[in-house]
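Asker: Need coordinates for the below:
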Amino acid sequence: MNVEQAYWTRSNGWRPDTALKTPDPEVQWVLVFGSTENIGNVDRMAEIRTTYPNAILSGCSTAGEIHDVAVLDDSLTLTAIRFRDTEIKSVYQKINNAADSFHCGAQLAETMPHEGLRHVFVLSDGLNVNGSELVAGLTAHLPAEVTITGGLSGDDGRFETTQIIHDDRAGSNGVSLVGLYSKTLKIGYGSLGGWDSFGPERLITRADGNVLYEMDGKSALELYKQYLGEHAKGLPGTGLLFPLSLRAGDREDGVVRTILAVDEENQSMIFAGEMPEGSYARLMKSNFNRLVDGAMGAADTSVQAIKGSEPELAICISCVGRKMVLKQRVEEEIEAVRETLGPNAAITGFYSYGEISPFTPNAKCELHNQTMTITTLSEA
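Answerer: A predicted model of the protein is given here:
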């Protein structure tokens, strides 16, 4: 596997200076992450397509771009991959609304050729989707041995519009799937958080898909605002600082959910994934050291999964809520990943509105919030 990386900013253009100067028709996959404005820049996309005429371009808008150990804002990052023994294919589907999420995942999974498929990498619109149902649709219609990772696109902390690349253009309300076909490619993944629960656990008594109305028979939004106090004025953005831990009644572990929007008229909260009635929800708060340790743990799990091979590429997808907590020290979680992966792996990725991965190898793929999710690839 050969990996080349570059990034673009308004002040400096492409860096390094040699980037995108020479066409490379052998590159198979180009990952592009950037701010909502930059990902939609047709001139930048044209430059990338001219340089990599035969590559599948995939990517999305973000809440921050990861390039090596740097976390960038208002940039465009590029990772060009030339595999040795791996083929890739891609499919794309429009998603009309969150209620269409399972059907969208099912259609994508059925459209993607299955023979020889090892792994799929999914990038989805980050606002008009029920991420849990999207993953459920993918899982139900892909072969059981095929692993899934990816994430939901972001829009910084604005929550206005998110973009997915398709046909060299970025647009909203889309989901893209890239399939990796190989007998030798080693794929690792891991996903960990680092948040602490507080307050009482409450029963979800009224919900519809990813819309939460009531907990313990009371307005969920009102209860949430009581906990947030002065932070409630900044919803939905400030909700990223206080996610909910969601636990089904018959399991001890749970997943984390963050708010995408609030509906004052209906006194409801819209989350990135399913909020099933009968589940238990509990508020969470950040712990700086544990967030960094979680990133390191996710990296360690992803390396162990490739069974001793040295990772050549790592795709890191971390939640925007983590970035808001870590602030000026956000690069510390990426540096922790680098320390675990070693000096040779190329690192790319973005800050997201949701992460898609199993927690550990052989676990069920799920939508997560507030985690660092890492996919490692190696042909070594």
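Asker: Now do the strands in the stretch 51-200 of the chain.
Answerer: Assigned by DSSP state E, counting those that start in this stretch, the strands in the stretch 51-200 of the chain fall at 56-61, 65-67, 70-72, 76-82, 87-94, 117-124, 147-152, 164-166, 169-171, 174-181, 186-192, 195-197.
Asker: Please produce a markdown table containing those strands, extended by mean neighbour count and distance to Cys365.
Answerer: No exception for glycine: its C-beta is placed from N, CA and C like everyone else's. Converted to a markdown table, the strands of the stretch 51-200 of the chain look like this (neighbours: other Cβ atoms under 10 Å; distance: least, Cβ to Cβ, whole Å):
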| stretch | mean neighbour count | distance to Cys365 |
| --- | --- | --- |
| strand 56-61 | 25 | 19 |
| strand 65-67 | 25 | 22 |
| strand 70-72 | 18 | 26 |
| strand 76-82 | 24 | 22 |
| strand 87-94 | 17 | 18 |
| strand 117-124 | 24 | 10 |
| strand 147-152 | 27 | 5 |
| strand 164-166 | 25 | 19 |
| strand 169-171 | 19 | 26 |
| strand 174-181 | 23 | 13 |
| strand 186-192 | 24 | 9 |
| strand 195-197 | 17 | 21 |
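Asker: out of those strands, which comes closest to Thr360?
Answerer: Thr360 lies closest, by Cβ to Cβ, to one member of the strands of the stretch 51-200 of the chain: strand 186-192, at 6.4 Å.
Asker: Run through the neighbouring helices and strands of the closest one.
Answerer: Under the contact criterion of 3 or more Cβ pairs under 8 Å, 6 or more residues apart in numbering; DSSP states H and E, strand 186-192 touches strand 147-152, helix 288-305, strand 354-357, strand 372-378.
Asker: Tabulate these (CSV), appending mean pLDDT and distance to Pro243.
Answerer: As requested, these are exported to CSV (pLDDT from 0 to 100; distance: least, Cβ to Cβ, whole Å):
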stretch, mean pLDDT, distance to Pro243
strand 147-152, 97, 14
helix 288-305, 92, 12
strand 354-357, 96, 11
strand 372-378, 96, 14
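Asker: Throw those into CSV and include distance to Ser268, thanks.
Answerer: Formatted as CSV, the helices and strands packed on strand 186-192 follow (distance: least, Cβ to Cβ, whole Å):
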stretch, distance to Ser268
strand 147-152, 20
helix 288-305, 29
strand 354-357, 19
strand 372-378, 27
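Asker: quick one: buried residues of stretch 287-304?
Answerer: Residues 291-303 are the ones in stretch 287-304 that count as buried (16 or more other Cβ atoms under 10 Å).
Asker: Next: stretch 201-221.
Answerer: 202, 204, 206-207, 209-215, 219-221.
Asker: mind listing which of those residues are in helices?
Answerer: 220-221 (DSSP state H).
Asker: of the buried residues of stretch 201-221, closest to Val135?
Answerer: Comparing those against Val135 with Cβ to Cβ places Asn210 closest, at 12.3 Å.
Asker: The nearest residue to that closest one once chain neighbours are set aside: neighbouring residues, count only.
Answerer: Excluding its sequence neighbours, the residue lying closest to Asn210 (Cβ to Cβ, 6 or more residues apart in numbering) is Asn130, at 4.4 Å. As a burial measure, Asn130 scores 28 neighbours (other Cβ atoms under 10 Å).
Asker: Touching, Asn130 and Ser101? I think so.
Answerer: Yes. The pair Asn130 / Ser101 is scored as a contact, 4.1 Å apart, by Cβ atoms under 8 Å.
Asker: Give me the domain ranges for the protein.
Answerer: 2-192+289-378, 195-285 (automatic domain parsing).
Asker: Who are the contact partners of the closest residue to Arg169 other than its chain neighbours?
Answerer: Closest residue to Arg169 apart from its sequence neighbours, by Cβ to Cβ, 6+ apart: Met45 at 6.6 Å. Each residue near Met45 by Cβ atoms under 8 Å, 6 or more residues apart in numbering is listed here: 32, 57, 165, 168-170.
Asker: Spell out the secondary structure type for Met45.
Answerer: Per DSSP: H, G, I helix; E, B strand; the rest coil, the local secondary structure of Met45 is helix.
Asker: That one and Lys21, how far apart?
Answerer: 17 Å (Cβ to Cβ, to the nearest Å).
Asker: Give the full set of residues in contact with Ile56.
Answerer: Per Cβ under 8 Å, 6+ apart, neighbours of Ile56: 28-30, 88-90, 178.
Asker: can I get the residues you listed in JSON lines with distance to Val146?
Answerer: Shown next, in JSON lines, are those (distance: Cβ to Cβ, whole Å):
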{"residue": "Gln28", "distance to Val146": "19"}
{"residue": "Trp29", "distance to Val146": "17"}
{"residue": "Val30", "distance to Val146": "23"}
{"residue": "Ile88", "distance to Val146": "14"}
{"residue": "Lys89", "distance to Val146": "13"}
{"residue": "Ser90", "distance to Val146": "15"}
{"residue": "Val178", "distance to Val146": "12"}
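Asker: now the residues you listed as JSON lines including distance to Ala380 and pLDDT?
Answerer: JSON lines is the format used below for the contacts of Ile56 (distance: Cβ to Cβ, whole Å; pLDDT from 0 to 100):
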{"residue": "Gln28", "distance to Ala380": "17", "pLDDT": "98"}
{"residue": "Trp29", "distance to Ala380": "17", "pLDDT": "98"}
{"residue": "Val30", "distance to Ala380": "21", "pLDDT": "98"}
{"residue": "Ile88", "distance to Ala380": "18", "pLDDT": "97"}
{"residue": "Lys89", "distance to Ala380": "23", "pLDDT": "98"}
{"residue": "Ser90", "distance to Ala380": "25", "pLDDT": "98"}
{"residue": "Val178", "distance to Ala380": "21", "pLDDT": "98"}
